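Student: Here is my input, please return the structure:
(one chain, ligands or ions: 1)
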Amino acid sequence: MSTAHHHPRPESTTLADLIGSSRGSETPDWPDEDFCKRLPKIELHAHLTGSIRRETLGEIWRKRKEQEPDFDLEDPLVAIPPGKVDFDLTTFFPLFSKYTYNLVNSEWSVEHATRQVLCDFESDGVVYLELRTIPRAFDETGLTKEKYITTILSTIDSFQSETMRTKLILAIDRQNTKEEALDTVELAIKYKSEGIVVGVDLCGNPAAGDVRIFREAFKKAKQNDLGITLHFAEIERQPIKDELDILLSFEPQRLGHAIHIERMMSSQSHRAGNHMDDRILREIRQRKLCIELCLSCNVYAKMLPDRHGNGNGSFQDHHFKYWWKTDCPVALGTDDVGVFLSDLSNEYYLASTHFRVNKYELWHLVFYSIDAIFADQSEKDRLKSLLLAWGKENNLDVGDDDESVNEIIDHEDEEGENSTEQA
Ligand SMILES: CNc1ncnc2c1ncn2[C@@H]1O[C@H](COP(=O)(O)O)[C@@H](O)[C@H]1O
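Tutor: Below is the predicted model:
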């Protein structure tokens, strides 16, 4: 990757060396936590309900208890103990369906929780945020899907500032019906003109659902100029054989997680006879789709294949290692910071320490992902000038303008094709 040409990486051999050197004063190229916090960041993969702090759930729970002493949902401190992050895919989804959705189910609680989520992203140095949420109706409080969304939209609207701009993606749950998916797209179309709703996502339990039924919904989203991002290959065996082909036929600009598609990482699967399809990988790289990567989520939820033979995949096994050297933009994201307890600056710090990403390269990751946001050109321009100015102030060799940075990006594009094979 050409950025490495600008800033050769020291030949540290162990992670301990690397973490040590990144904190040492002799190697100013290595980011520390403060750098990662100050770096103006873009968050493109954050689920609203999964981003709610446990303390906030506690506040909502206590208020509810005051109003309804018979309210019998467990205290969040018991249901989701402080510090617990080891949810796997079988315990993770029920956390929402069995707990959070029974608590955050009224206009007040949705607004209160959304406000806290926005505050937290802003104070972590996020300058552009795309939150996503599945429109949900709550019969017990009479909150309709539309009211749920308009409550979030007005909270976002009242929070907009020069420091952080927020957009909203409406998500289709893999367990939705065809009609429910179409309704979600209709809602997105209806609110798009107000400027906050920018796209549609497909998420939910990756072991469930048949994505073929969503063809029409995504076609409609595309026709109406909504951005499309899809959770992709989160598990090794998709519920239907050609799921990944079908998802690519929805013409997404971005893919979330994109874990189980890389041949280089699947030698064990090869032996087991479920080898990944290089065609899918090539297609993604040819289209230069933006890959939204969530390190802590994937490690804590044990979603990564074990490549070092020491149990579940660790940070070093993360496919960030692969993607950040391709010409596909990589957008680091938190996924569910309320569950995995790692904020976006920490995700940058983790990437930097585990994969030897220097300050310039970290900055470049953000810069290169700007074109993958779903907002319009004026927002992209704002972010580019902000990043360029910040890079200069912090003595990064960012070039004089947007174009000189893009020259580096063009150079990377030429390298793209071959590395699929090397991989
Ligand atoms: C491994 N990571 C993930 N993979 C797939 N879907 C995920 C997810 N993390 C969260 N969600 C989806 O987002 C909902 C919570 O936010 P909202 O109520 O919509 O705001 C969850 O119910 C789940 O369907």
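Student: just for the stretch 151-300 of the chain, where's the confidence low?
Tutor: Residue ranges of the stretch 151-300 of the chain with pLDDT under 70: 262-277.
Student: Return the residues of it in contact with the ligand.
Tutor: Within the stretch 151-300 of the chain, the positions adjacent to the ligand are 171, 173, 203-204, 231, 234, 297 by Cβ under 6 Å from any ligand atom. For the C-beta atoms, the positions are set from N, CA and C on the backbone; glycine is no exception.
Student: Farthest pair within those?
Tutor: Asp173 and Cys297 (17.7 Å; Cβ to Cβ).
Student: want to throw the residues of the stretch 151-300 of the chain next to the ligand into a markdown table with neighbour count?
Tutor: Formatted as a markdown table, these follow (neighbours: other Cβ atoms under 10 Å):
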| residue | neighbour count |
| --- | --- |
| Ala171 | 25 |
| Asp173 | 21 |
| Cys203 | 23 |
| Gly204 | 20 |
| His231 | 21 |
| Glu234 | 21 |
| Cys297 | 26 |
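Student: Just put the residues you listed in a markdown table and tack on secondary structure.
Tutor: Output for these, formatted as a markdown table (DSSP: H, G, I helix; E, B strand; the rest coil):
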| residue | secondary structure |
| --- | --- |
| Ala171 | strand |
| Asp173 | strand |
| Cys203 | strand |
| Gly204 | coil |
| His231 | strand |
| Glu234 | coil |
| Cys297 | helix |
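Student: wait, which of the residues you listed is closest to Pro69?
Tutor: Of all those, Asp173 has the smallest distance to Pro69: 33.0 Å, by Cβ to Cβ.
Student: and stretch 364-375, what's its mean pLDDT?
Tutor: Averaging pLDDT along stretch 364-375 yields 97.
Student: got the end-to-end distance for that stretch?
Tutor: 19 Å (Cα to Cα, to the nearest Å).
Student: Which residue ranges of the stretch 151-300 of the chain form helices?
Tutor: 178-192, 215-223, 243-249, 267-272, 278-287, 295-300 (DSSP state H, counting those that start in this stretch).
Student: can I get those helices in a markdown table with distance to Glu146?
Tutor: A markdown table is the format used below for those (distance: least, Cβ to Cβ, whole Å):
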| stretch | distance to Glu146 |
| --- | --- |
| helix 178-192 | 6 |
| helix 215-223 | 17 |
| helix 243-249 | 27 |
| helix 267-272 | 43 |
| helix 278-287 | 34 |
| helix 295-300 | 29 |
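Student: For the stretch 301-423 of the chain, just list every one of the strands.
Tutor: 330-332 (DSSP state E, counting those that start in this stretch).
Student: residue contacts, the nearest residue to Glu107 once chain neighbours are set aside?
Tutor: Distances taken as Cβ to Cβ, 6 or more residues apart in numbering place Thr151 nearest to Glu107, at 5.2 Å, with adjacent residues excluded. Contact analysis of Thr151 by Cβ atoms under 8 Å, 6 or more residues apart in numbering lists 107, 110-111, 114, 143.
Student: Find the nearest non-adjacent residue to Trp61, please.
Tutor: In space, Trp61 is closest to Pro76, 5.5 Å off (Cβ to Cβ, 6+ apart).
Student: Any idea how many residues pack against that neighbour?
Tutor: Residues near Pro76, counting by other Cβ atoms under 10 Å, number 23.
Student: Next, it: phi, psi?
Tutor: The phi and psi values for Pro76, taken as degrees, to the nearest 10, are phi -60, psi -30.
Student: Which pLDDT value does the model give it?
Tutor: Pro76 is given a pLDDT of 94.
Student: any idea how far Ser51 is from it?
Tutor: As defined by Cβ to Cβ, to the nearest Å, Pro76 lies at a distance of 14 Å from Ser51.
Student: Over to Phe232?
Tutor: 21 Å.
Student: what does Leu350 give?
Tutor: Between Leu350 and Ser51 the computed distance is 18 Å (Cβ to Cβ).
Student: the more surrounded of those two?
Tutor: Neighbour totals were compared for Leu350 and Ser51, and Ser51 leads with 27 against 20 (other Cβ under 10 Å).
Student: surely the more buried one meets Leu341?
Tutor: No: look at Ser51 against Leu341 with Cβ atoms under 8 Å: they stay out of range, at 11.0 Å.
Student: Report the contact partners of Leu168.
Tutor: Counting by Cβ under 8 Å, 6+ apart, Leu168 touches 130-133, 149, 152-153, 156, 196-198.
Student: Equivalent analysis for Leu118, please.
Tutor: With Cβ under 8 Å, 6+ apart, Leu118 has these contacts: 129, 155-156, 159, 164, 166.
Student: Quick check: the two most widely separated of those residues?
Tutor: Pairwise over the contacts of Leu118, using Cβ to Cβ, the maximum falls at Thr155 and Met164, 13.4 Å.
Student: Looking at the two, which one has more neighbours?
Tutor: Met164 (21 against 18).
Student: now that one: how far from the ligand?
Tutor: 19 Å (Cβ to the nearest ligand atom, to the nearest Å).
Student: Tell me if I'm right that that residue and Val127 touch.
Tutor: Yes: checked against Cβ under 8 Å, the pair Met164 and Val127 is within contact range at 5.7 Å.
Student: On the three-state scheme, Phe87 is what?
Tutor: Strictly by three-state DSSP, Phe87 counts as coil.
Student: if I pick it, what's in contact with it?
Tutor: Phe87 touches 95, 300-301, 339, counting by Cβ under 8 Å, 6+ apart.
Student: Now do the same for it: its pLDDT.
Tutor: Predicted confidence (pLDDT) for Phe87: 93.
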